[in-house]
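1. Take a look and give me a structure for this.
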Amino acid sequence: SWRVRELLADRLKHNVQVPRDIVLHMASDTDAVALPVLSASKVLSDADLVGIVRQSPNVSKLLAISKRDSVSERVSEALVETQYAEVATSLLSNHGAAISGRSLERIAEDFNANAEVLEILASQRDLPITVVERIVSKVSQDVASRLRQDYKVAEVKVERDAGAIREDVMVRLLDQELEN
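-> As a prediction, the model looks like this:
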């Protein structure tokens, strides 16, 4: 019965001696059986977890994976690709998750109208400046002020704008020179 499988999954979730095929079978079972092994089993490899994320439309299973003690960049990327806001916020809230700059940019892009996701994204350390610039106008005033201060967004943007203006002036001068 599922109740026996649930008890078994809960007991075996931390056991690294359990054969991989049994853990994979448990991971594809009902939530009561799958969630304990998805959230804790070290038997599951990154490839296993990515496969489960890509094949599972079940948000509960995705959330369990996003809350693991350790989530690799590869697994994080697969979770971000699901485009579920609750999975993104769970992943961003997990200090054991490694999230690449590319995945952070994807979150900023996919959830640019979701204040909750953007606020949690803004709290991440070492955000790529492209992400900061993308979200600074979309978050609350307090968060935006902190981002501007922490990342010196205004200075970077001014320098970038000044560089673009200098480049534009040089191109016009060269065009004038060529016309003469």
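
2. Excluding covalently adjacent residues, which one is nearest to V117?
-> In space, and not counting its chain neighbours, V117 is closest to F111: 3.9 Å by Cβ to Cβ, 6 or more residues apart in numbering. Using the backbone N, CA and C atoms, a C-beta is placed for each residue, glycine as well.

3. got a list of what the one you found touches?
-> Neighbouring residues of F111 by Cβ atoms under 8 Å, 6 or more residues apart in numbering: A85, A88, V117, L118, L121.

4. what ranges of the protein fall below the confidence cut-off?
-> 153-170, 180 (pLDDT under 70).

5. ok, which stretches of it are helices?
-> 2-12, 20-27, 31-40, 46-55, 59-66, 73-81, 85-93, 101-110, 115-122, 129-135, 141-151, 153-179 (DSSP state H).

6. May I see the ones you listed arranged in TSV, with mean neighbour count as well?
-> Below are these laid out as TSV (neighbours: other Cβ atoms under 10 Å):
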stretch	mean neighbour count
helix 2-12	15
helix 20-27	17
helix 31-40	21
helix 46-55	16
helix 59-66	20
helix 73-81	20
helix 85-93	20
helix 101-110	18
helix 115-122	19
helix 129-135	19
helix 141-151	14
helix 153-179	10
